[in-house]
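Engineer: Sharing a sequence plus its predicted fold:
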Amino acid sequence: MTPLAISPPSSTPEPDMSSIPQDAATVPHSATPQVLTVCIYINKQAHTGPNLDRKKIQLLPGHFGPDRPSVVLQQAVQGCIDSAFQQKTVFTLLTQGYGGEKISATFDGKQHLLSLPVVNSIDYVLRFLKKLCRSLHCENLFSDEPFTQRGGGNKVQDKDDSLLLLRYKSNFFLLVFHV
């Protein structure tokens, strides 16, 4: 997998930040930088393929985040490693990044560490996880929207509950209304 660095979408051009050290978790939107936070949901009804153990997937939380994109990516990738039948299978699909969060796997009698790339957008996190899942032969495991457990893993479309996911200045707010 070859991750690409991406800038967050913006309606106005962002200043050239190429000479600034990469702390991509902060994105300037005003005079005061705001921290970009993301939330990734886990589809526990997804087809987990031949590499991930469905029972271990069930033990994962319902979502990772909200937190900085690098942290959420680390949690999701570590969740895949921890849910694998053989951790080496997932670990060897990843390439060394620079400056990002660390993941670990234990195989061949040793603990192995790897740094993920620095991440600065939810789109990057989703593309990274989609590529990883494609390589693991599992589909529809992660989303930026919640899944329902009753609908076979479909996104929330429930008659009893209405769900609204709002995005304001790169922060996500989850509102649930009971009817």
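Structural biologist: Now that the structure is in, tell me what you want to look at. Treat the numbers as computed from the prediction; the structure is a model and nothing was measured.
Engineer: Which of the helices and strands in this structure ranks last by mean pLDDT?
Structural biologist: strand 161-168 (a mean of 39; mean pLDDT, DSSP states H and E).
Engineer: Gly79 is in what secondary structure piece?
Structural biologist: helix 69-82 (DSSP states H and E).
Engineer: looking at it, Pro61 is touching Lys44, isn't it?
Structural biologist: No. Using C-beta atoms under 8 Å, Pro61 is not in contact with Lys44; the gap is 10.1 Å. Where you see a C-beta, it was placed from the backbone N, CA and C, and this is true even at glycine.
Engineer: Would you mind telling me which of these two has more residues around it?
Structural biologist: Per other C-beta atoms under 10 Å, whichever of Pro61 and Lys44 has more neighbours is Lys44, with 16 against 10.
Engineer: Can you pull the phi/psi pair for that one?
Structural biologist: phi -70, psi -10 (degrees, to the nearest 10).
Engineer: Please verify my assumption that it contacts Phe147.
Structural biologist: Yes. With contact defined as C-beta under 8 Å, Lys44 reaches Phe147; the gap is 7.4 Å.
Engineer: these two touch, right, His63 and Ile40?
Structural biologist: Yes. If you go by C-beta under 8 Å, His63 and Ile40 touch, sitting 6.3 Å apart.
Engineer: So for those two, which residue has more residues nearby?
Structural biologist: More neighbours surround Ile40 than the other of His63 and Ile40, with 24 against 19 (other C-beta under 10 Å).
Engineer: before we move on, back to that, please enumerate the shared neighbours of His63 and Ile40.
Structural biologist: Shared contacts of His63 and Ile40 (C-beta atoms under 8 Å, 6 or more residues apart in numbering): none.
Engineer: What are the boundaries of the helices in this structure?
Structural biologist: Ranges of helices in the chain, per DSSP state H, are 54-59, 69-82, 87-91, 122-136.
Engineer: of all the ones you listed, which lies closest to Phe107?
Structural biologist: helix 87-91 (3.8 Å; C-beta to C-beta).
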